[in-house]
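Participant: Following is a predicted model, sequence given first.
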Amino acid sequence: MILLLVDHDRGKLNKATLEALTLARGLAQAQGMPLEAVLVGQEGEALGPELARYGVSRLHLVTHPALGDYAPEAWAQSLVHLIQTESPWAVTGPGTDRGNEVLAHVAARLDQPLAANCVEVQPGEPVQLTRVRWGGSLLEEATLAGQPKLFTVAPQTIPPEEAGEIPELAWNRVTPPLTDRELRVQVVERQETAGDKVSLVDARVVVGGGRGVGSAEGFQILEELAELLGGAVGCSRAVTNEGWRPHTDQIGQTGTRIAPEIYIACGISGAIQHYVGCKGSRHILAINTDPEAAIVSKANWAIIGDLHQVVPAINAALRKALGE
């Protein structure tokens with residue numbers, strides 16, 4: 001059996017889980033094994049039908065009075081408890097912040113190796129796999145031993161596909177033994193951001209700004225462009241370092257990885273750390289005064305000019321086309 005950790009936030013499924021399910025289902029079929037999933041928290045119970053559409057035949061629902069929100073060590077111990085009782089051949093999950101964190105705790109508790117951010121996993125013993133290394137600039141071929149095999153799937157690399165035949169979903173409700181030590185780190189309060197902004201992960205259009213925007217106020221024209229296109233605004237690390245935008249808007253190796261239909265990069269040089277976060281974009285349009293900028297060489301299209309003149313002109317043209 002292959003067991004997959006579901007990354008969800010209070011019942012809202014992370015798209016990366018569907019990508020991981022697609023890879024894990026193919027591996028399970030090649031190994032002649034069932035695909036099962038573990039979901040922590042009562043709020044996620046409604047996700048059962050969607051997980052079944054991606055090939056999950058049995059869902060282990062972990063509930064506990066102390067598991068009201070995310071708690072990495074408690075999630076990991078819950079997974080360890082299932083590993084000890086169910087003896088899966090492999091345990092995987094999405095290579096998200098949560099997925100990598102929880103699986104790393106599991107690997108440490110079991111004293112087993114973990115292969116993070118895999119893009120391909122071949123059946124066999126030992127397992128042959130390909131994983132992303134060095135911020136996305138290198139693909140490494142490796143073998144993975146251990147019992148069980150522990151690996152995560154790199155986000156934005158596997159197109160999610162539903163199973164051709166949907167299995168009848170079985171349920172296993174579990175209440176693992178947890179100690180205060182496993183609950184010492186947990187989310188106890190949330191402060192939601194104002195507004196109904198489209199998230200960077202889900203946006204079909206992302207407008208990104210770099211140091212070339214010049215100031216926090218300079219992002220107003222980018223916000224206008226994103227609003228006209230129904231998209232979201234992101235930024236480079238240099239912008240967050242300047243304090244112009246919050247870290248939640250950062251695109252890159254140490255920020256959010258995006259995969260929109262089009263990414264409009266304004267005043268961004270395109271260092272490898274940033275490109276790692278946006279290379280999943282179907283199309284890239286660069287607006288930059290420097291024709292030699294790295295992002296220009298990687299873009300599908302480029303406008304060589306001052307973004308403070310180009311973006312307002314695009315906004316005006318869009319408003320005219322929309323009859324505003």
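Facilitator: Cool, the structure landed. Numbers count the residues shown, from 1 in each chain.
Participant: only C-alpha atoms for contact and neighbour calcs from this point on.
Facilitator: Noted.
Participant: what about Ser199, which SS state?
Facilitator: Of the three states, Ser199 takes coil according to DSSP: H, G, I helix; E, B strand; the rest coil.
Participant: what about it, neighbour count?
Facilitator: The number of residues packed near Ser199 is 16, by other CA atoms under 10 Å.
Participant: residue contacts, it?
Facilitator: Residues in contact with Ser199 (CA atoms under 8 Å, 6 or more residues apart in numbering) are Ala232.
Participant: Backbone dihedrals for it, please?
Facilitator: phi -80, psi 150 (degrees, to the nearest 10).
Participant: Okay, it and Glu224: tell me how far apart.
Facilitator: Applying CA to CA, to the nearest Å, one obtains 16 Å for the distance of Ser199 from Glu224.
Participant: The stretch 51-200 of the chain: strands as residue ranges?
Facilitator: Counting by DSSP state E, counting those that start in this stretch, residue ranges of the strands within the stretch 51-200 of the chain are 58-62, 90-94, 114-122, 127-133, 138-144, 149-153, 170-174.
Participant: would you turn these into JSON lines with mean pLDDT?
Facilitator: Conversion of the strands of the stretch 51-200 of the chain to JSON lines gives the following (pLDDT from 0 to 100):
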{"stretch": "strand 58-62", "mean pLDDT": "95"}
{"stretch": "strand 90-94", "mean pLDDT": "96"}
{"stretch": "strand 114-122", "mean pLDDT": "94"}
{"stretch": "strand 127-133", "mean pLDDT": "91"}
{"stretch": "strand 138-144", "mean pLDDT": "91"}
{"stretch": "strand 149-153", "mean pLDDT": "97"}
{"stretch": "strand 170-174", "mean pLDDT": "94"}
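Participant: Between those strands, which one is closest to Leu4.
Facilitator: Within the strands of the stretch 51-200 of the chain, the stretch nearest Leu4 is strand 90-94; the backing value is 4.8 Å (CA to CA).
Participant: Which strands and helices lie in contact with that closest one?
Facilitator: Here strand 90-94 is seen to pack against strand 2-5, helix 15-31, helix 97-110, strand 149-153 when contacts are counted using 3 or more CA pairs under 8 Å, 6 or more residues apart in numbering; DSSP states H and E.
Participant: Measure how it sits relative to helix 15-31, angle-wise.
Facilitator: Using axes from the mean of the first three to the mean of the last three CA atoms, to 10 degrees, the direction of strand 90-94 lies 150 degrees away from that of helix 15-31.
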